[in-house]
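1. task: produce atomic coordinates for the following.
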Amino acid sequence: MIKNMFSHLITFALGFAAGCTFKEILEKRKGKSISQRDFSIQDSHVPSCADTNTRTEDTSTSDFSLQSLKSIFSMYNVDLLTVSSFGILLRKVRSTSYKDILKLFIEEASTPEIMVEMLKEQTIPDKNFVIESSSGSPYISKEKLESYIIEEGVPIAEFKTNNDRVRFLLSLYYAKGIDDFKNTLGSDMSDILTFHENGDDIDDAYNGIMKLIKSRYEYLS
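-> Numbering: from 1, shown residues only. As a prediction, the model looks like this:
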């Protein structure tokens, strides 16, 4: 999962943030939308499984060069062509995050018992997005970045730099992929945990979940 200064904002947007196990994420409720008027990072805190408060003093508001994300575009096999490429990258980060979790269960949850252990003990894989120092077109404006953030119901007042805005959006969309996993498979995952805690046979539940995971993974491949 994402470990950065925006973990509390991601918690507010999605209901969970850094450091959670799969079981903890399944138990988290969806966050509610907020506005700049009723929320400030400085005077409010939303608990998360892990939280840091590092802040930057740079107040630059110039346009952001997407060349600074060249390695990330390459990592996700997204062509860096125009300003609209950033939106494509965000969607790819989200879908890849979801797909990687499906792959994790396919590769490691080889028995019902291992699946239960993974759900209870394993934390969501972390992702650190490194923004390089670069320049050159295409550029994305501060206003466009803020429009992405506003669409998520997240306050923009505390984002002091475009680096902050971009890193938050990448982290948020990574977390959205995890939320997709929760929304599509969370009920089945919760059921197998309940069956296990009750001492019931979980073989059928496990087989059903693995069938769903594999079919969704194949669809995304």
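
2. secondary structure class of the residue most central in space within the chain, three-state.
-> In the chain, the residue lying closest to the centroid (Cα atoms, centre = their mean) is residue 175, at 1.0 Å. Classification of residue 175 by DSSP: H, G, I helix; E, B strand; the rest coil places it in helix.

3. do you know how far it is from residue 67?
-> The spacing between residue 175 and residue 67, counted by Cβ to Cβ, to the nearest Å, is 25 Å. For glycine as for every other residue, the C-beta is placed from the backbone atoms N, C-alpha and C.

4. quick one: the residue nearest to the centre of the chain and residue 12 touch, right?
-> No. Between residue 175 and residue 12 there is no contact under Cβ atoms under 8 Å: 11.4 Å.

5. doesn't residue 150 fall inside a helix?
-> Yes. Counting by three-state DSSP, residue 150 falls inside a helix.

6. just the strands in the protein please.
-> Secondary structure of the chain, counting by DSSP state E: strands at 64-65, 139-140.

7. most packed of the ones you listed?
-> Comparing those by mean neighbour count (mean count of other Cβ atoms under 10 Å), strand 64-65 comes out on top with a mean of 21.

8. just checking: what are the partner strands of it?
-> Partners of strand 64-65 in the sheet, by DSSP bridges, are strand 139-140 (antiparallel).

9. quick check: mean pLDDT of the strand it pairs with?
-> Here strand 139-140 scores 97 as its mean pLDDT.

10. chain center to it, what's the gap?
-> On the basis of Cα atoms, centre = their mean, to the nearest Å, strand 139-140 sits 23 Å off its chain's mean C-alpha point.

11. what sits up against it?
-> 63-66, 83, 86, 162 (Cβ atoms under 8 Å, 6 or more residues apart in numbering).

12. closest one of those residues to residue 7?
-> The shortest approach to residue 7 among these belongs to residue 162, at 19.8 Å (Cβ to Cβ).

13. I figured that closest one was touching residue 145, is that so?
-> Yes. Using Cβ under 8 Å, residue 162 is in contact with residue 145, at 6.2 Å.

14. shared neighbours, the two?
-> In contact with both residue 162 and residue 145: residue 64, using Cβ under 8 Å, 6+ apart.

15. where does the protein dip in pLDDT?
-> Counting by pLDDT under 70, the chain contains low-confidence residues at 1-5, 17-18, 29-61.

16. in this structure residue 152 contacts residue 175, no?
-> No. Using Cβ under 8 Å, residue 152 is not in contact with residue 175, being 10.7 Å away.

17. any common contacting residues for those two?
-> With Cβ under 8 Å, 6+ apart as the test, residue 152 and residue 175 both reach residue 13.

18. what are the contacting residues of stretch 190-207?
-> Residues contacting stretch 190-207 (Cβ under 8 Å, 6+ apart): 23, 26, 111-112, 115-116, 119-120, 188, 209.
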